[in-house]
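>>> coordinates only, sequence not included:
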Ligand code: 0O2
């Protein structure tokens, strides 16, 4: 099924909301607080959730698998992922987004402060666009470090595999890698602070 078939007349508005959010996130003026040069946002990607993925999510929650439910009962038909170099940038960018007049933050899931059992770490914001071309649409903004993004992209593949050979071993290895990455993220942040203080 195509996005046009599933989302119908709502698709242009969803696409407008996606463009509005990407534009906002990529124009984030924040830079590293000490050196004032390194941008806080390294990159930004986005997507309109595929009909297959949306239908599976709605059915999994016992909801009608239609556009109406996709736009009201779940909040990630529009998703934007913001990649930062360092964990403290994630929080600073989230704070900046929270202060934007065209965004209303409805919910936050801080999987950095409270990682999932599999090791997943990201900061999720459910936002409603309160103004601009996407007004009225809700979306999920995921903020994470580049190192965790590398991990999450690989780990996400597990979701779509019917059978996974050596599953327990792979899950344990992924968890170990996630914890190591979190530790490296912290060390990198400390090194950056030491380097910028020495200028
Ligand atoms: P997609 O579009 O393929 O990315 P859910 O857990 O999805 O039933 P909810 O409340 O929407 O319910 O979840 P949450 O925690 O906000 O997570 C939504 C999205 O965050 C997921 O989207 C993933 O993109 C990402 N995510 C959450 N947990 C994990 C995880 O353990 N590993 C990875 N790699 N990503 C995660 P979807 O629905 O998977 O779809």
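Yes, it's here. The model shown is predicted, which means the values in this text are computed figures rather than measured ones.

>>> buried ones in the longest helix anywhere in the chain?
Secondary structure of the chain read by DSSP state H shows that its longest helix is helix 167-197. Going by neighbour count (16 or more other C-beta atoms under 10 Å), the buried part of helix 167-197 is 171, 174, 175, 177, 178, 181, 182, 185, 188, 189, 192, 193. From N, CA and C alone the C-beta is placed, and that goes for glycine too.

>>> Which one of the residues you listed is nearest to residue 83?
Closest to residue 83 out of those is residue 185 (12.5 Å), distances taken as C-beta to C-beta.

>>> my guess is the closest one meets residue 84, correct?
No: contact criterion C-beta atoms under 8 Å: residue 185 and residue 84 do not qualify, at 10.1 Å.

>>> joint contacts of these two?
residue 145 (C-beta atoms under 8 Å, 6 or more residues apart in numbering).

>>> Give me the below-cutoff pLDDT ranges for this protein.
Low-confidence regions of the chain, defined by pLDDT under 70, span residues 33-36, 198-199.

>>> and with 50 instead?
Applying pLDDT under 50 to the chain flags no residue at all.

>>> how about the helices of it, start to end?
For the chain, helices defined by DSSP H occupy the ranges 3-7, 11-26, 51-60, 67-72, 87-98, 146-156, 167-197.

>>> leaving aside the residues next to it on the chain, what's closest to the residue most central in space within the chain?
With distances taken as C-alpha atoms, centre = their mean, the residue of the chain nearest its centroid is residue 142 (1.6 Å). Nearest non-adjacent residue to residue 142, counting by C-beta to C-beta, 6 or more residues apart in numbering: residue 81, 4.7 Å away.

>>> From what I see, that neighbour and residue 46 are in contact.
Yes: the pair residue 81 / residue 46 is scored as a contact, 7.1 Å apart, by C-beta under 8 Å.

>>> Would you mind giving the helices of the chain as CSV with distance to residue 128 added?
Output for those, formatted as CSV (distance: least, C-beta to C-beta, whole Å):
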stretch, distance to residue 128
helix 3-7, 18
helix 11-26, 10
helix 51-60, 18
helix 67-72, 12
helix 87-98, 12
helix 146-156, 25
helix 167-197, 30
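
>>> Out of those helices, which is closest to the ligand?
helix 146-156 (3.6 Å; C-beta to the nearest ligand atom).

>>> could you check whether the closest one is close to the ligand?
Yes: judged by C-beta under 6 Å from any ligand atom, helix 146-156 comes into contact with the ligand at 152, 155, 156.

>>> circling back to that earlier point, test of understanding: give the bridge partners of the residue nearest to the centre of the chain.
In this entry, residue 142 is beta-bridged to residue 81, residue 124, by DSSP bridges.

>>> Can you go through the residues of helix 146-156 next to the ligand and name the buried ones?
Among the residues of helix 146-156 next to the ligand, the ones that count as buried by 16+ other C-beta under 10 Å are 152, 155.

>>> what sits against the residue nearest to residue 188 when sequence neighbours are not counted?
With sequence-adjacent residues excluded and distances taken as C-beta to C-beta, 6+ apart, residue 188 is closest to residue 86, at 6.5 Å. Shown in contact with residue 86 (C-beta under 8 Å, 6+ apart): 32, 145, 185, 188, 189, 192.
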